[in-house]
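[1] When you get a sec, could you give me coordinates for this:
(one chain, ligands or ions: 3)
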Amino acid sequence: CGSDSSCYGPTNTVEHVRHVKRIQPGVPNAAYGPKAPLEWGQLNFLHTTDTHGWLEGHLKEQNYGADWGDFVTFSRRMKQTAGNMGVDLLLIDTGDLHDGNGVSDATTIDGTDSMPIFDEIAYDLLTIGNHELYVSEVAYQMFNNWARKWGDRYVTSNVKAFNQTSGQYEYIGATHRYFTTEKGLRVMAFGVLFDFTGNSNASQVLKAADMVKEEWFTDAINTCDPIDVFVLFGHNPVRQTDSSNTLKTVFNEIRKVHPTTPIQILGGHSHIRDFAVYDDNSVAIESGRYCETLGWMSMTGFSSSNSAKSPFVYSRRYLDWNRQTFIYHTKQTEQAFDYGSGLRVTGDITKVREDLRLGDLYGCAPQTYCISCVPFDNSSNIFPGVVVPAVTAIVVNKTREDKSRLIIGNTGAIRFDLHQGPFTYDDNFIVSPFRDVFLYIPDVPYDLAKTVLPKLNKGPIAKRDLATMPIPRDSCTDPSLGYLTRREMRQSHGVVRRQEVVTSGYATTDDWGTDGDDTEHTGIPNYSLPGYFQAEANFPEGKDPEVVDLVFFDFIESLILSDLGANYTSDMVSCYIDCSFTSQDYMLPYAKLAWQENIDNCPVAIQ
Ligand SMILES: Nc1ccn([C@@H]2O[C@H](COP(=O)(O)O)[C@@H](O)[C@H]2O)c(=O)n1
Ligand SMILES: [Zn+2]
Ligand SMILES: [Zn+2]
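    Ligands and ions are numbered 1, 2, ... in the order given. Predicted structure coming up:
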């Protein structure tokens, strides 16, 4: 076919517009909650991304209090609405399913108990995130179990896994998916990961620039089968932030062959709400993180024969992940909303939480400590407030406890704010989910060791995405008295009470301005933070030590060695406490050590 336009089906016609048109949102509702009904189009999208195991919802933040069971009900009701309206609704996920919550991370292999909970969502398309590829066992779980189960709906256009039987790297999911929607739109979908290099050797990530040269890809974009719309979805920020972003590479290749066919883009990875206009016939949405946001996008402009009638009109909306939102947009009441399927999933999550003992209490945090709602050196910041004292007190090799030590970590290892009140087994994973081993080099001259942190913070970050991300919460809290069980917590915030106030939360600015948030919020402070933190432990009083044990996460070993210079090599590095002592293991002992006051009557702070 090549570039002969006759062979790639319907194309846009006539009216070419300079600016991508949008459906005007309705009049805002003054009361707290969603501002107006969603603007449905002919083709609609619900988008999840970077859920990172938060299937239980946010137990301490009522604005994100829905759980995955509520989402099951919502997605089913929305599919039915689409059916009743005679339009299409696609459900899409763009990866990072693990690392961030006890539901996904408290099992020996991440995801063992959380992945089955995804079963009840009828996703049309899913793709892989970098967090499915750090650990070989997890990559194989995706390859051997979930890719098989999801079939051609799991599209991993540039990610392969090593098949131990064939001895070859093979695509984990499908390279692409060509399908026809219920209403007859012919869709060609590609699912691309950014140019990720931190994967274990169980997988192989093809650079997008190479992927687009693969025969299957050129065949797919030059196919004689008609294509009404491309869906380009991937674990990739929708805005070109750095050279590892691959969406634009693929977009450009599609455009060479299909200059005006609509390309709907869905992204993730940088954990923000965002929307970008690529060209007159292409827009892109990114839908936040951690089951805080559900993304909505719609488009209209296909003729009755499905040919594109430019200009298309689009809408986008970022929905807060709570039952009030779900109930409002399905025109239900609190009493009538639930489906048995959703309630069963809620029950499954409760069972997983009980089996894994995620509610076990380890301490009572005296206040809230956040990652970026206050400056990095503020005592309410989680680094000086919790992480530095915790690693100082707990990360100690008993045989070397008399030595001075510098402990260095990447700030990206801390994933979420720590809320005042009960600190549970679950909170350990919420704050520090990774299994990054504490390594060390003994007796490094202090004059050299002390140069490492400044060098790290000047150099490239072991990718710290959170620095640019808004944290949607107040630093002040409103503790209600008494310790609540999970069920009580859930009941107390399952429905956000309507108040005549605008609460704090995401206030997003994107290519279309500031009206994308479904519920208006006042916004929250978001201070930037360095890529790395450091704790000084057991230093002599009033003077510098001669040498220190330099302790660090294995995740940043290569950076540390390069900053120490050529005299330091990996054979000088060993496990500090033992090779199973990781970043999952210091917060619980610290909570036991530092936060026992009020433990029997620990007030829950639900924001
Ligand atoms: N073992 C690990 C793995 C990752 N990180 C941090 O997570 C960041 C990536 O997270 P996304 O959700 O944005 O994909 C990575 O840049 C590291 O900061 C880690 O610390 N340890
Ligand atoms: Zn992520
Ligand atoms: Zn990611």
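
[2] Quick one: neighbours of S574, just the number.
    Neighbour count for S574, taken as other C-beta atoms under 10 Å: 12. For the C-beta atoms, the positions are set from N, CA and C on the backbone; glycine is no exception.

[3] Tell me the bridge partners for it.
    Y440 (DSSP bridges).

[4] And it, how far from ligand 3?
    Distance, S574 to ligand 3, using C-beta to the ion, to the nearest Å: 30 Å.

[5] For R317, which non-adjacent residue is spatially closest?
    In space, and not counting its chain neighbours, R317 is closest to W296: 4.2 Å by C-beta to C-beta, 6 or more residues apart in numbering.

[6] Tell me the secondary structure at that neighbour.
    strand (DSSP: H, G, I helix; E, B strand; the rest coil).

[7] which sections of the chain are below the confidence cut-off?
    Counting by pLDDT under 70, the chain contains low-confidence ranges at 1-31, 304-310, 460-500.

[8] so which residue of it comes closest to ligand 1?
    Taking C-beta to the nearest ligand atom, ligand 1 has its nearest neighbour within the chain at G412, 2.1 Å off.

[9] Quick check: phi and psi on that residue?
    Dihedral angles of G412 (phi, psi; degrees, to the nearest 10) stand at phi -60, psi -10.

[10] Verify the stated contact: it with G531.
    Yes - between G412 and G531 a contact is recorded at 7.3 Å, counting by C-beta atoms under 8 Å.

[11] For ligand 3, what is the nearest residue in the stretch 201-350 of the chain?
    Closest contact between the stretch 201-350 of the chain and ligand 3, by C-beta to the ion, is at H269 (3.9 Å).

[12] neighbours around G565, how many?
    9.

[13] just L91 next, same as before
    19.

[14] give me the element it is part of.
    Per DSSP states H and E, L91 falls inside strand 88-93.

[15] tell me how far that strand is from the chain's mean position?
    Relative to its parent chain, strand 88-93 has a centroid offset of 18 Å by C-alpha atoms, centre = their mean, to the nearest Å.

[16] So what are the sheet partners of it and their directions?
    strand 43-48 (parallel), strand 125-126 (parallel).

[17] wait, doesn't D88 sit right on T181?
    Yes - counting by C-beta under 8 Å, a contact exists between D88 and T181, whose distance comes to 4.3 Å.

[18] Please enumerate the shared neighbours of the two.
    L43 (C-beta atoms under 8 Å, 6 or more residues apart in numbering).

[19] Looking at these two, which is more packed in?
    Ranked by neighbour count (other C-beta under 10 Å), D88 and T181 place D88 first, with 24 against 19.

[20] Please verify my assumption that L97 contacts N130.
    No - if you go by C-beta under 8 Å, L97 and N130 don't touch, sitting 11.0 Å apart.

[21] These two: who's more crowded?
    Comparing L97 with N130 by other C-beta under 10 Å, the one with more neighbours is L97, at 27 against 20.

[22] which parts of the helix ranked longest in the chain are buried?
    The longest helix of the chain (DSSP state H) is helix 68-85. Using 16 or more other C-beta atoms under 10 Å as the test for burial, helix 68-85 gives 68-79, 81-82.

[23] tell me which strands and helices it is in contact with?
    strand 43-48, strand 88-93, helix 323-329, helix 340-355 (3 or more C-beta pairs under 8 Å, 6 or more residues apart in numbering; DSSP states H and E).

[24] Make CSV out of these and add distance to A220.
    Listed next are the helices and strands packed on helix 68-85 as CSV, based on distance: least, C-beta to C-beta, whole Å:
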stretch, distance to A220
strand 43-48, 20
strand 88-93, 18
helix 323-329, 34
helix 340-355, 35
